[in-house]
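1. Here is a sequence with its predicted model. Questions after.
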Amino acid sequence: NAGVMQNPRHLVRRRGQEARLRCSPMKGHSHVYWYRQLPEEGLKFMVYLQKENIIDESGMPKERFSAEFPKEGPSILRIQQVVRGDSAAYFCASSPPINSDVQFFGPGTRLTVL
Amino acid sequence: GENVEQHPSTLSVQEGDSAVIKCTYSDSASNYFPWYKQELGKRPQLIIDIRSNVGEKKDQRIAVTLNKTAKHFSLHITETQPEDSAVYFCAVLSGAGSYQLTFGKGTKLSVIP
């Protein structure tokens, strides 16, 4: 079982560009979560998705950020018109359909905005 | 919303000694309390968790205790080894219907050989 996969691991964007971060959950997991981690900080919840549904996006900034988890393929976190303050590590986690409060994390995508 | 406080922010111990990290939370409906270990540049790894119907759980050198009345829980690492050096995060899952983990700010543990 390969674990949660994320790509790219590192992403550099200039201000105003778009960033797309991908997450493939563990095999058999149907719940996906995105968290953001600033340097020297804990992780902050952004959004929780199941296949084709956004369940809870209360942690997502209202503008420029969106997330999806299509029927086929990975979950995508999209950041439009990136700004320097978006620089952070973005972690995806997944959990199984049963015992779904146990979350396993991917290796993260480190986004740097120049 | 949930508020999680974690102490201390840094902790240095001699190899072989014990380390204790404490977290407090605010929502009395919280029911799941995991601990994660994060090495530099790596993913957070779940090392132990406890649910609200249990007061203590142990896994080899690691234990977690939960006091629901006082709303705090602690991570205990015994016989520390240099490879235990990392940042440790506590987290809390609030009550029914919530799937958000709220994290503490982390404790940087250094085990000195």
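-> Arrived safely.
2. Would you check how far apart the nearest residue to B:Asp59 once chain neighbours are set aside and B:Leu66 are?
-> Spatially, and ignoring its direct neighbours in sequence, B:Asp59 is nearest to B:Ile48 (5.4 Å; Cβ to Cβ, 6 or more residues apart in numbering or on different chains). Every residue, glycine included, has its C-beta placed from N, CA and C. Using Cβ to Cβ, to the nearest Å, B:Ile48 is found at 11 Å from B:Leu66.
3. which residue sits closest to residue 10, ignoring its sequence neighbours?
-> In the absence of a named chain, this looks at chain A. A:His10's closest residue in space is A:Arg110 (Cβ to Cβ, 6+ apart), at 5.0 Å.
4. my question was about chain B
-> Using Cβ to Cβ, 6+ apart, the nearest residue to B:Thr10 is B:Lys108, at 4.7 Å.
5. Surely that neighbour is within a strand?
-> Yes: per DSSP: H, G, I helix; E, B strand; the rest coil, B:Lys108 lies within a strand segment.
6. so it touches B:Val13, yeah?
-> No: the criterion here is Cβ atoms under 8 Å, and B:Lys108 misses it with B:Val13 at 11.8 Å.
7. What parts of chain A come near chain B?
-> A:4, A:31, A:33, A:35, A:40-45, A:48, A:55-56, A:58-59, A:91, A:95, A:100-108 (Cβ under 8 Å from any Cβ of the partner chain).
8. In helices only, show me those.
-> Using DSSP state H, no member of these sits in helices.
9. Now, of those, which are buried?
-> Among the residues of chain A next to chain B, the ones that count as buried by 16 or more other Cβ atoms under 10 Å in any protein chain shown are A:4, A:31, A:33, A:35, A:42-45, A:48, A:56, A:59, A:91, A:95, A:103-108.
10. any chance you could map the strands in chain B?
-> B:4-7, B:10-14, B:19-25, B:32-38, B:45-51, B:56-59, B:62-67, B:72-77, B:86-93, B:101-103, B:107-112 (DSSP state E).
11. got JSON lines for those, with distance to A:Ser24, mean pLDDT and mean neighbour count too?
-> Formatted as JSON lines, the strands of chain B follow (distance: least, Cβ to Cβ, whole Å; pLDDT from 0 to 100; neighbours: other Cβ atoms under 10 Å in any protein chain shown):
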{"stretch": "strand B:4-7", "distance to A:Ser24": "29", "mean pLDDT": "96", "mean neighbour count": "18"}
{"stretch": "strand B:10-14", "distance to A:Ser24": "35", "mean pLDDT": "97", "mean neighbour count": "13"}
{"stretch": "strand B:19-25", "distance to A:Ser24": "31", "mean pLDDT": "98", "mean neighbour count": "20"}
{"stretch": "strand B:32-38", "distance to A:Ser24": "20", "mean pLDDT": "96", "mean neighbour count": "22"}
{"stretch": "strand B:45-51", "distance to A:Ser24": "18", "mean pLDDT": "95", "mean neighbour count": "17"}
{"stretch": "strand B:56-59", "distance to A:Ser24": "28", "mean pLDDT": "94", "mean neighbour count": "12"}
{"stretch": "strand B:62-67", "distance to A:Ser24": "29", "mean pLDDT": "97", "mean neighbour count": "18"}
{"stretch": "strand B:72-77", "distance to A:Ser24": "30", "mean pLDDT": "97", "mean neighbour count": "21"}
{"stretch": "strand B:86-93", "distance to A:Ser24": "23", "mean pLDDT": "96", "mean neighbour count": "24"}
{"stretch": "strand B:101-103", "distance to A:Ser24": "20", "mean pLDDT": "94", "mean neighbour count": "24"}
{"stretch": "strand B:107-112", "distance to A:Ser24": "30", "mean pLDDT": "97", "mean neighbour count": "17"}
